[in-house]
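K.L.:
I'll drop the sequence and a predicted model, then ask my questions.
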Amino acid sequence: MADLFASEPVPEAARAVPLAERIRPASLGEVIGQEHLTGAAGPIGRMVAAGRLSSLILWGPPGTGKTSIARLLADAVGYRFVALSAVFSGVADLKKVFAEAEVHARAGQHTLLFVDEIHRFNRSQQDGFLPYVEAGTVTLVGATTENPSFELNSALLSRTQVLVLNRLDEPALDALLARAEEAEGGALPLVPEARAALVTSADGDGRFLLNQAEALFAAGIDTPLDTAQLRDLLQRRMPVYDKDREGHYGLISALHKSIRGSDPQAALYYLARMLTAGEEPLYLLRRLTRAAVEDIGLADPQALVQCMAAKDTYDFLGSPEGELAIVQACLYLATAPKSNAVYTAQKEAWRSAKEHGSLSPPKHILGAPTKLMRGLGYGAGYQYDHDQPDSFSGQSYWPEEMEGQTYYRPTDRGFEKRLAERLAWWDEMRATRQGGQ
């Protein structure tokens, strides 16, 4: 086994350069995991073949090659490459870049301006790119981990092409590790199971994986580590999750729709994704409660009770014990019969209320606390339902100027099936009793 890790020593000058930089691809063909963009049939491949670039927004998770692609694009078509970070740059930096680009443009030299974290620029700063992009002074390549639809101006988006980079899958990450081992002149000091665990721990982030590999090479390990030893030595990458950005909204949408689709396993997975990433449990409980009334309603009235009980339990126990109550509520909702009849009824009733304005209820169901009101007929003819046969009078409760409406239409699922039978019986009795009046 010792021979497996024997290697030619890497010169100290080379070791001073970070591993990720040493194995940065030298051409677009060497970019790993983004062949749908960089291949001959991909949009980047076609631009390079034509020898001319359009402005781009590269959207993808961290560590997927956005910076490398931008740099290699410039090299492939002979453009001058300038890089800025929106985190550290301001208006003065942009003005300087644009002024220099204009000078080079007059000399026939195109400039590719790469802006990392472009979503960090505010709206007015983003607008500042427009005249220079339109005039062709610069070809803009912006990189972002956030959804451009939400984070970038529509004017800027209309002048650029958005390309989506894939999260690196396990074969791509394994290929990246092989490239790192070739650069280091030897294999990682890991048993096969630990190597697979290292790839999984990167969660699609190539840069994180290379940093972990570099730490392992630097540790001077003589005996290959197993999975437990690797876990003790290195930290697992935290999942990508920003509570106020797209990852947050994407996962909560996936949770809600998994519940609506009656898939308890998927619902529990997305719940776990959010809780382990640090989401506020009460936020999740609010969304579960919303699902209980929107997607289950009276098909199973206990769904709402389960959510409120989970909220009280979490308030009482806190984390982590109280999270089990959230799991129980999630699974109850996902396995409950589904109905959006309450949700639909609410929307229709609200619409009707707005359309019909301030119609007065019929006089017979209005209270008559004064002599004047009784003289005007308020309360006259009201039939107290509990004194009627079957505790049902069948009277009309709608304004006289408005026909009776049907907003709530129970399904034939769960408890609503019984409600539908009850409503049908009342409708029949109402028609009989109103017809006999």
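P.N.:
Nice, I can see it.

K.L.:
and stretch 284-294, which residues are buried?
P.N.:
Of all the residues in stretch 284-294, those buried under the rule 16 or more other CB atoms under 10 Å are 284-285, 287-289, 291-294. All C-beta atoms are positioned from the backbone trio N, CA, C, and that covers glycine.

K.L.:
And for stretch 148-164?
P.N.:
Buried, per 16+ other CB under 10 Å, within stretch 148-164: 148, 151-153, 156, 160, 163.

K.L.:
May I ask which of the residues you listed comes out lowest in pLDDT?
P.N.:
Of all the buried residues of stretch 148-164, E151 carries the smallest pLDDT score, 86.

K.L.:
Return the distance of it relative to P192.
P.N.:
To P192, E151 is 41 Å away according to CB to CB, to the nearest Å.

K.L.:
quick one: contacts for the spatially most central residue of the chain?
P.N.:
Among the residues of the chain, the one closest to the centroid is G250, at 1.8 Å (CA atoms, centre = their mean). Listed by CB atoms under 8 Å, 6 or more residues apart in numbering, G250 has no contact partners.

K.L.:
ok, then the element right after the helix or strand it falls within?
P.N.:
Assigned by DSSP states H and E, G250 belongs to helix 246-260. Toward the C-terminal end, the helix or strand that comes next after helix 246-260 (DSSP H and E) is helix 264-276.

K.L.:
Mind listing what's buried along that next one?
P.N.:
Burial within helix 264-276, assessed by neighbour count using 16+ other CB under 10 Å, is assigned to 264, 266-268, 270-271, 273-275.

K.L.:
Skip the chain neighbours and tell me the closest residue to N340.
P.N.:
With CB to CB, 6 or more residues apart in numbering as the criterion, N340 has its nearest non-adjacent residue at 5.9 Å, and that residue is D295.

K.L.:
Now that H36 has come up, it's in contact with L163, right?
P.N.:
No. In this structure H36 lies outside contact range of L163 using CB atoms under 8 Å: 9.2 Å.

K.L.:
and stretch 317-330, how far out from the chain's middle?
P.N.:
How far stretch 317-330 lies from its chain's middle: 23 Å, per CA atoms, centre = their mean, to the nearest Å.

K.L.:
what's the span of it from first residue to last?
P.N.:
Stretch 317-330 has an end-to-end distance of 18 Å (CA to CA, to the nearest Å).

K.L.:
Contacts for it next, please.
P.N.:
So stretch 317-330 is contacted by 255, 259, 264, 267-268, 271, 275, 281, 284-285, 288, 306-307, 309-310, 313-316 (CB under 8 Å, 6+ apart).

K.L.:
Show me the shaky parts of the stretch 151-300 of the chain.
P.N.:
235-247 (pLDDT under 70).

K.L.:
the helices in it, which residues?
P.N.:
154-158, 170-184, 192-201, 206-218, 227-233, 246-260, 264-276, 281-291 (DSSP state H, counting those that start in this stretch).

K.L.:
want to throw those into JSON lines with distance to L19?
P.N.:
Conversion of these to JSON lines gives the following (distance: least, CB to CB, whole Å):
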{"stretch": "helix 154-158", "distance to L19": "35"}
{"stretch": "helix 170-184", "distance to L19": "6"}
{"stretch": "helix 192-201", "distance to L19": "14"}
{"stretch": "helix 206-218", "distance to L19": "4"}
{"stretch": "helix 227-233", "distance to L19": "17"}
{"stretch": "helix 246-260", "distance to L19": "28"}
{"stretch": "helix 264-276", "distance to L19": "29"}
{"stretch": "helix 281-291", "distance to L19": "39"}
